[in-house]
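Q: Dropping the sequence and predicted coords here.
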Amino acid sequence: MSVSGKTSSSAADNDGVTLLTSKTPILGQKLYVVIAITIAGITAVLLLIFLFLFYNHSSKRNRMRVDKHGSGLLPLASETKTINVEVKTNCSDQNEKVGKTLISMFEMDNEEREETEPIIKDVEGKLDDDTFGSNELGTATGTGTTGSEGASSSLSSESMNSMCWGRWFNLSELEVATNGFAEENVIGEGGYGVVYRGGLPDGSAVAVKNLLDNRGQAEKEFKVEVEAIGKVRHKNLVGLIGFCREGAKRLLVYEYVDNGNLEQWLHGDVGPTSPLTWDIRMKIAVGTAKGLAYLHEGLEPKVVHRDVKSSNILLDKKWNAKVADFGLAKLLESEKSYVTTRVMGTFGYVSPDYASTGMLNEASDVYSFGVCLMELVTGRSPVDYSRAPGEMNLVDWFRGMVASRRGEDLLDPKINIRPSPRALKRALLVCLRCIDTDATKRPKMGQIVHMLDADEFPFRRDPRPPRDTTTIRPDAPAACKVPLPTGDDEVKGDDSLST
Ligand SMILES: Nc1ncnc2c1ncn2[C@@H]1O[C@H](COP(=O)(O)OP(=O)(O)OP(=O)(O)O)[C@@H](O)[C@H]1O
């Protein structure tokens, strides 16, 4: 039995060996070769799959890290400082960055999301702080600094130097810029403080307004002015570059406008002939109107200037007008008028309706603009006690002259080359419409731009338009899509304007 058993087992072994060594139809290879190749193949495939999965996973993590790093939102720990500066200096990119990260969060697994969420919250918090809309000015962004402690002392200049719309200046920087607030650097003094000319290290000129700190409203006006104009940019508005608040000191830093203000050029000692030709005056009027139109119609909420006057119309060397001094500006809710507790503005420029009711809306700026336009046309001050009693008040005298058909006599005698009668009529008509006693009938600033802009009127270059027609400019903004007088007709419509 045992012999036969051994025999059968060795026979089976022999069979197995024979089978393994027998040739298969696969390329005539022996079976063990085929099996070995198959096992090796499967192992290689499994290895490749494993390597692919591993590589894919780690590269996904790396990609995520690069994206976050690139957007400045998920810095490596050692780079936190740099990223903080970037976050604070480039606000326009911030929203995009937060957005990008929020989007990439949807591609993350839970672990990664948990990692990222606190960072996003931190960045969003910084954004709020930086815009300081929600922050009292008494509290420095994110650092808990109070006014009495001095801003620069506890604020890292790297992190606080820059904001969305401008810069935070240290007092020492402004002292250097203005040569220690030297007397010879004083440009002028207004109701809110002294204005100095200054120079920044990059060579740019600035106007530094040192707000009076002993005025009750200085802090409030500072906040109002900073918030209202900080982010407003328009070529006909004086840009706010930054501000400084240290202890009791509050300073505003503006772009420097290098050719004085309109009041100086109109009422200063310029000799018998004014350098302000008619065309220059109309350029100034249109620029001013554009700046105000932007405040009224281009911003939400709109801004009413509240102190439009010739000394607040600054001029550059090319006679471009830049409206300055938003110290009295208030942000208004759209479609609502605003009742103030006290009437502000400058005597001679304040509209009667605003003065009597305190009801504030853009129409009061339009009235003040009308007075400025009268100054441009006549060269006279809004109130001039050196004149005959009937001529002291510009608005009253102007109305009386038009009523008695003496419009030609309104023209500033210092204008050497007289404008065409039509151009003069148009300007006079705009003046009259701006000072309409019914505030609701005054035109909007956007309409005034079109009415004043000579090229916008067909009658200047084209043949006379047919009578009794009105023009609706197809490209006019919605606010202006009301029939605009064609100039000629509107003048004809008012017989008293015949000159
Ligand atoms: N950004 C600026 N660039 C150049 N000069 C300026 C600038 N801002 C103001 N000024 C000048 O500084 C002087 C004082 O201006 P400020 O606005 O303080 O007072 P104001 O307009 O004369 O009076 P108010 O305080 O009643 O508005 C004016 O002569 C003005 O032209």
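A: In hand now; what should we look at? Predicted model, so just to flag it, every value in this text is computed and none were measured.

Q: if I look at residue 191, how far off is residue 432?
A: Distance, residue 191 to residue 432, using Cβ to Cβ, to the nearest Å: 30 Å. For glycine as for every other residue, the C-beta is placed from the backbone atoms N, C-alpha and C.

Q: Same drill for these two, tell me which one is more crowded.
A: residue 432 (18 against 13; other Cβ atoms under 10 Å).

Q: ok, the more buried one to residue 370 distance?
A: Counting by Cβ to Cβ - residue 432 and residue 370 are separated by 8 Å.

Q: can you check residue 449 too?
A: 14 Å.

Q: What of residue 232?
A: 23 Å.

Q: now swap in residue 410 and tell me
A: Residue 410 is 13 Å from residue 370, by Cβ to Cβ.

Q: residue contacts, the residue of the stretch 201-350 of the chain found nearest the ligand?
A: Closest contact between the stretch 201-350 of the chain and the ligand, by Cβ to the nearest ligand atom, is at residue 207 (3.3 Å). By Cβ atoms under 8 Å, 6 or more residues apart in numbering, the contact set of residue 207 is 187, 195-198, 253-257.

Q: Please apply the same query to residue 186.
A: 194-197.

Q: any chance you could map the helices in the stretch 201-350 of the chain?
A: 218-229, 262-267, 278-297 (DSSP state H, counting those that start in this stretch).

Q: burial count for the residue in the chain that the ligand sits nearest to?
A: Proximity of the chain to the ligand (Cβ to the nearest ligand atom) peaks at residue 190, 1.9 Å away. Per other Cβ under 10 Å, the neighbour tally for residue 190 reads 17.

Q: Next, work out how far apart it and residue 263 are.
A: In terms of Cβ to Cβ, residue 190 sits 11 Å off from residue 263.

Q: who touches both of the two?
A: residue 311.

Q: tally of neighbours for residue 420?
A: 11.

Q: Contacts only, for the closest residue to residue 311 other than its chain neighbours.
A: Leaving aside its sequence neighbours, residue 311 sits nearest to residue 263 (Cβ to Cβ, 6 or more residues apart in numbering; 4.0 Å). Contact analysis of residue 263 by Cβ under 8 Å, 6+ apart lists 309-311, 313.

Q: Highest neighbour count among those?
A: Busiest of the contacts of residue 263 [other Cβ under 10 Å] is residue 313, holding 29 neighbours.

Q: Quick check: beta-bridge partners of that one?
A: In this entry, residue 313 is beta-bridged to residue 323, by DSSP bridges.

Q: Please shift the residue numbers so they start at 5 in all later answers.
A: Got it, first residue is 5 now, which makes that one residue 317.

Q: Same list, the helices of the stretch 205-354 of the chain, but as a markdown table with distance to residue 391 please.
A: Shown next, in a markdown table, are the helices of the stretch 205-354 of the chain (distance: least, Cβ to Cβ, whole Å):
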| stretch | distance to residue 391 |
| --- | --- |
| helix 222-233 | 34 |
| helix 266-271 | 13 |
| helix 282-301 | 21 |
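
Q: Please identify the deepest-packed of those.
A: Of all these, helix 282-301 has the most neighbours on average by mean count of other Cβ atoms under 10 Å, namely a mean of 23.

Q: where in the stretch 205-354 of the chain is pLDDT low?
A: 217-229, 231-232, 330-348 (pLDDT under 70).

Q: go again using 90 as the cut-off
A: Counting by pLDDT under 90, the stretch 205-354 of the chain has low-confidence residues at 215-237, 244, 246-256, 303-311, 329-351, 354.

Q: interface residues of it facing the ligand?
A: By the rule Cβ under 6 Å from any ligand atom, the part of the stretch 205-354 of the chain lying against the ligand is 211, 213, 242, 258, 260-261, 265, 311, 315-316, 318, 328-329, 350.

Q: Distance to residue 419 for those - can I get that in CSV?
A: Shown next, in CSV, are those (distance: Cβ to Cβ, whole Å):
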residue, distance to residue 419
211, 29
213, 33
242, 27
258, 31
260, 29
261, 23
265, 19
311, 27
315, 21
316, 23
318, 21
328, 25
329, 27
350, 25
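
Q: So which of the residues you listed belong to strands?
A: In strands, judged by DSSP state E, the following of these are found: 211, 213, 258, 318.

Q: Check the gap between the third one and residue 267 for me.
A: Pointing back at residue 258 there. 17 Å.

Q: hmm, back to that, ok, which of the contacts of residue 190 also contact the ligand?
A: Applying Cβ under 6 Å from any ligand atom to the contacts of residue 190, those adjacent to the ligand are residue 199.

Q: Of the contacts of residue 190, which is the most crowded?
A: Busiest of the contacts of residue 190 [other Cβ under 10 Å] is residue 200, holding 25 neighbours.

Q: Kind regards, and thank you for your time.
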